[in-house]
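Asker: sharing a model that was predicted from the sequence below.
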Amino acid sequence: MGSNNIVEANTAVGNSNGIVVFPLASNNAVRQNLAVGNPPIQQTTSVPTASGVDIWDQSPASNGNVFSGNLCLTAVNASCPTSTNATPRKPGS
Amino acid sequence: MKRRRRTLVILVLAIGALARSNMAAAEDISGTIVRTLMLSENTRLVGDITCQVTGAPCIAFAASNITLTLNGFTITGPNDAAAGCKGTSVGTETGISTNAQNNVGIRGPGVVQRFQGDGILFMATTRGWVQGVTATTNCMSGIRVNPASSAISVESNVSVRNGTAAAACGGI
């Protein structure tokens, strides 16, 4: 991901990782997405070294990427709010 | 005088309609693609597409300010339906690449599946969007915005079962 992009109201399920923000990315908004079940359980058991998560921010905090209202269960450098606080938006709504 | 004015209004409307039809020029595509299809105008699918392109994108934008409409159809790459990406990714074998064109869009609903690289790749693009697309069983990301792209909107898409255990990419 580059800069000044918006990732919104998407659903990411059963991927190696759900949503990944790469190291050079800056000033992106990742909001109201549903990212769960990444990686899929089949991959987790057959490849125990796999380290995928639902949301993974690989960029430094100073890059200004913002995560809000996403529903996820696992994340690195990004928050997974409790399900009652997450506000994922249904695609198309 | 009144008749002359009415004629003038009709003439202006006709010229406007002609101009609009030129702007909305579109190409309809479907069937099998064996070498990269370069898009130079607004394009829509009118049937499913099967891709047999190796070592290059299946579909690539060749002009800025145009849109690809999937129109509810599916673009399928060469990967195996059951095994997904067969464990090996090939970065150049993208389903749809924006190919450094600006202000381009990909509109769903529609499916992009079974490519050895990314399903959809925003490559060095400024201003662009993808909306309402399902990307599944691609070896790299379902939808990827590369570091040289900016002002891209990825909205209301579904990304399922993309990526490999070896690659740090995935859904989006």
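Answerer: Thanks, I have the structure now. Numbers count the residues shown, from 1 in each chain, chains lettered A, B, ... in the order given.

Asker: near chain B, which residues of chain A?
Answerer: A:1-20, A:22, A:24-25, A:33, A:35, A:38-40, A:43, A:47, A:49-50, A:52, A:56, A:58, A:91-92 (C-beta under 8 Å from any C-beta of the partner chain). Every residue, glycine included, has its C-beta placed from N, CA and C.

Asker: just the buried residues of the residues you listed.
Answerer: A:1-5, A:7-20, A:22, A:25, A:33, A:35, A:38-40, A:43, A:50, A:52, A:56, A:58, A:91 (16 or more other C-beta atoms under 10 Å in any protein chain shown).

Asker: against A:Gly52, how distant is A:Leu73?
Answerer: Remark: distance between A:Leu73 and A:Gly52 (C-beta to C-beta, to the nearest Å) = 12 Å.

Asker: below-threshold pLDDT in the chain: ranges please.
Answerer: Picking chain A for this. Within chain A, the ranges that satisfy pLDDT under 70 run A:42-50, A:82-86, A:90-93.

Asker: the intended chain is chain B.
Answerer: B:1-25, B:83-84, B:86-87, B:167-168.

Asker: now do the contacts for A:Gly69.
Answerer: For A:Gly69, the contacting residues are A:31-32, A:81, A:86-89, by C-beta atoms under 8 Å, 6 or more residues apart in numbering or on different chains.

Asker: apply 10 Å and report the result again.
Answerer: A:8-9, A:30-33, A:81, A:85-89 (C-beta atoms under 10 Å, 6 or more residues apart in numbering or on different chains).

Asker: which of those has the most neighbours?
Answerer: A:Asn33 (32 neighbours; other C-beta atoms under 10 Å in any protein chain shown).
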